[in-house]
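J.: Quick one, fold the following:
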Amino acid sequence: FNLKKCILILGEVGVVPAAWAELVQPAVHLFCQDFNIIWIEIPAFGSDASRYLKHGPAILQTTLMELRVDSVSVLACGVGGTVFLSTLVHCPHLFSKTHLVFNLDLPRGCTAIPFSAQDLEDILRERGFQLWFAYNKEPGVFDIAFEGTPRRGYEAVTKIRARLEGERLRGRRTSDHDEVIITEHLNRARDGHVRRVPMGRNVLLAFSEPFLEAAARFFRVEPKTFQDEMMDGLVGDTKNRSKSKILAHGQGLPELPAVRKLRLEPSQLERQEIADKNIRRLERLDGATLLLLPPHRRLAALPLPSVVATEPKQLQASASSPVLGSAPAPPSSTAFNPRSDTLALTSGKAVSQNSRRDRYTASWLDLHSRS
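T.: Prediction:
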């Protein structure tokens, strides 16, 4: 079973006499497309859908483990879709990433979905699963426009899809596909995509060739489809879309987390302005600290010329790397003592009057002995 991709068929269990026969036409088509097909029939449950819902997840898990199937995709219909979703919540490790449910329905008497919607959302979000829900309105048979189990199941699915899509659109997470895609009405096309064919006591579902091809393509590839990219209610060719639409036009590419973080934070120019303000703030703080010291301790607090020796060799003895030395006494000052009171910046070439280092040491050069 692990040499080919496996498809588990779950018909409308507990509702029709032979649920396995309801989806025989798409099952045969998928088998011809090189898929393995798995049917599970439990005659003891008969038409009791509640027993399928209660014991179905455990039976599916045991059966797949007994067959040693690593992962399986699911094609389900009606109540079989509810049994599948309940099993997916309890045993997500048993399933592949793509699954198709036609006309999802709840067992008779159910007022809500029999599993946690939050748990299902977490599984879809974390494991990268994609669920395709296809609906076909048939008055008297299946109609989501009126109150009933079909409508309750449809409302639950649409709420899950809205929450997951909202997270992606608001930028809370990135994804290359929608976890839940919905086809509202399969027969909205000119020729329609599904019809019911009575055959003895059973009613078979006959799908159109385009729908069967879309289903086979959906099961074969990784999830890549968005809701707004579906064509005529069917999943399109995601390989062509990923190469032409995304790469050529640049639309639909998810924003990288690093790019988003850089976009939301200050720009490079703003960061430079903040850094300059911090440097000026530290300069004023150093100057004020020196002024608070006694005169005989101010020189000891100044950086010594030996500190410059720790700079890289390529910066030493260059015009851009000044060193500390004695400053000549101004002609107009008789009390100025260059040996004990001040140090000035000297270099191999003329010192730049506008350099940041000159401004930084201006406060040092202004310290004179007042004795």
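J.: how close does the residue most central in space within the chain sit to G140?
T.: If you average the C-alpha coordinates of the chain and look for the closest C-alpha using CA atoms, centre = their mean, you land on T174, 2.8 Å from that point. Separation of T174 from G140 (CB to CB, to the nearest Å) stands at 44 Å. C-betas here are computed from N, CA, C, even on glycine.
J.: Run through the helices of the stretch 51-200 of the chain in chain order.
T.: Along the stretch 51-200 of the chain, the segments classed as helices by DSSP state H, counting those that start in this stretch run 79-90, 117-127, 149-169.
J.: Mean neighbour count and distance to L292 added to these, as a markdown table?
T.: A markdown table is the format used below for the helices of the stretch 51-200 of the chain (neighbours: other CB atoms under 10 Å; distance: least, CB to CB, whole Å):
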| stretch | mean neighbour count | distance to L292 |
| --- | --- | --- |
| helix 79-90 | 24 | 69 |
| helix 117-127 | 16 | 59 |
| helix 149-169 | 17 | 56 |
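J.: Between the ones you listed, which one is closest to V197.
T.: Taking CB to CB as the measure, the helices of the stretch 51-200 of the chain were each checked against V197, and helix 79-90 came out nearest at 18.7 Å.
J.: Mind listing residues that contact that closest one?
T.: Under the contact criterion CB atoms under 8 Å, 6 or more residues apart in numbering, helix 79-90 has outside partners 8, 10-15, 19, 49, 52-53, 56-57, 60-61, 74, 76, 94-95, 99, 101-107, 113-116, 119-120, 123, 129, 133, 153.
J.: Check stretch 158-166 too.
T.: Applying CB under 8 Å, 6+ apart, the set of residues contacting stretch 158-166 from outside is A117, L120, E121, L124, R125, D178, E179, V180, I181, I182, Q227.
J.: hmm, try it at 10 Å
T.: Contacting residues not belonging to stretch 158-166 are listed as 113, 117-118, 120-121, 124-125, 131, 133, 144, 172-173, 175, 178-182, 184, 226-227 [CB atoms under 10 Å, 6 or more residues apart in numbering].
J.: buried sites along stretch 207-224?
T.: By neighbour count on 16 or more other CB atoms under 10 Å, the buried set for stretch 207-224 is 207-208, 211-219, 221, 223-224.
J.: Please apply the same query to stretch 35-43.
T.: Burial within stretch 35-43, assessed by neighbour count using 16+ other CB under 10 Å, is assigned to F35, N36, I37, I38, I40.
J.: what would the helices of the stretch 51-200 of the chain look like in CSV with mean pLDDT?
T.: Below are the helices of the stretch 51-200 of the chain laid out as CSV (pLDDT from 0 to 100):
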stretch, mean pLDDT
helix 79-90, 92
helix 117-127, 92
helix 149-169, 91
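J.: could the ones you listed be laid out in TSV, adding distance to H193?
T.: Listed next are the helices of the stretch 51-200 of the chain as TSV, based on distance: least, CB to CB, whole Å:
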stretch	distance to H193
helix 79-90	18
helix 117-127	25
helix 149-169	18
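J.: residue ranges with poor pLDDT in this structure?
T.: Screening the chain residue by residue with the criterion pLDDT under 70, one finds the ranges 1, 189-191, 238-267, 301-371.
J.: Try it again at 80.
T.: Screening the chain residue by residue with the criterion pLDDT under 80, one finds the ranges 1-3, 17, 44, 46-47, 171, 188-191, 236-271, 295-371.
J.: the longest helix in it is where?
T.: helix 268-292 (DSSP state H).
J.: Now do the contacts for the spatially closest residue to E22 that is not a sequence neighbour.
T.: Sequence neighbours aside, G11 is the residue nearest to E22 in space, at 3.9 Å (criterion: CB to CB, 6 or more residues apart in numbering). G11 makes contact with 18-24, 27, 39-41, 75-81, 102, 202, 204-205, according to CB under 10 Å, 6+ apart.
J.: what separates G11 from L64, distance-wise?
T.: Using CB to CB, one obtains 17 Å as the distance from G11 to L64.
J.: same question, T225
T.: T225 is 26 Å from L64, by CB to CB.
J.: sorry, back to before: buried subset of the contacts of G11?
T.: Buried members of the contacts of G11, counted by 16+ other CB under 10 Å: 19-24, 27, 40, 75-81, 102, 202, 204-205.
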